[in-house]
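1. Just a sequence and a predicted model for now, questions to come.
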Amino acid sequence: MAEFFYRGKNPEKLTREEFLKILPSREQRKIKRGFTEEEQKLLKKIEKYKDQKGKKTIKTHARDMIILPEMIGHKIGVHKGKEFVPLDIIPEYVGHRLGEYAIPTGVVRHGAAGIGASHGTKFSATKK
């Protein structure tokens, strides 16, 4: 498998400061303004379990968190409204948001219309 490069750099070898310089401006602004409390908790958990990469699932509600190079190799459970979606962070995910990989809406499949639900069933007999 070929080595992955994010904007010409290997994301696994980047520090947070180097990574910040090559991010798009929207993501740079978010990181410069500081992380929310929930995002800071997630980063502390990642630091705590850095020796257990891929073994322990770290659950979070921080869907807006930007995937940083230090997250590569970790398994993160991203909340999608009802359950947590396990997400193995790979180098290709760097620079994206966690919520992009845990879509909260599903496909809605409606059944057939019931009796009285449409104008066509207005005159049909309901009892025999």
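-> Right, received. Where do you want to start?

2. rest of the way, CA atoms for contacts and neighbours
-> OK.

3. Can I get the longest helix along the chain in CSV? Just the C-alpha atoms.
-> Scanning the chain for the helix with the most residues, using DSSP state H, yields helix 37-48. Extracted in CSV, the C-alpha atoms of helix 37-48 (Å, rounded to 0.1, in the frame of the first residue of the first chain):
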residue,chain,number,x,y,z
GLU,A,37,-14.6,21.4,26.7
GLU,A,38,-15.8,18.2,25.0
GLU,A,39,-13.0,18.3,22.5
GLN,A,40,-10.4,18.9,25.2
LYS,A,41,-11.7,15.9,27.1
LEU,A,42,-11.3,13.8,23.9
LEU,A,43,-7.7,15.0,23.4
LYS,A,44,-6.9,14.1,27.0
LYS,A,45,-8.4,10.6,26.5
ILE,A,46,-6.3,10.2,23.3
GLU,A,47,-3.2,11.2,25.2
LYS,A,48,-4.1,8.8,28.1
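
4. and that helix, what other elements does it pack with?
-> Applying 3 or more C-alpha pairs under 8 Å, 6 or more residues apart in numbering; DSSP states H and E, we find helix 37-48 packed against strand 57-60.

5. which residues are in contact with the strand it packs on?
-> For strand 57-60, contacts defined as C-alpha atoms under 8 Å, 6 or more residues apart in numbering pick out 38, 42, 45-46, 74-79, 84, 86.

6. Over to stretch 66-81?
-> Here stretch 66-81 has contacts from 11-16, 19, 27, 46, 50, 52-63, 84-91, 93-99, 102-104, using C-alpha under 8 Å, 6+ apart.

7. List buried residues within those residues.
-> Neighbour counting over the contacts of stretch 66-81 (16 or more other C-alpha atoms under 10 Å) leaves 11-12, 19, 27, 46, 50, 53-54, 57-63, 84-91, 93-95, 97-99, 102 as the buried ones.

8. mind listing the helices for the chain?
-> Going by DSSP H, the chain shows helices at 16-22, 25-33, 37-48.

9. so of the buried ones among the contacts of stretch 66-81, which ones are in strands?
-> 57-60, 84-88 (DSSP state E).

10. Spatially, which two of the residues you listed are the most separated?
-> Pairwise distances across these (C-alpha to C-alpha) peak at 13.5 Å, for the pair Thr60 and Asp88.
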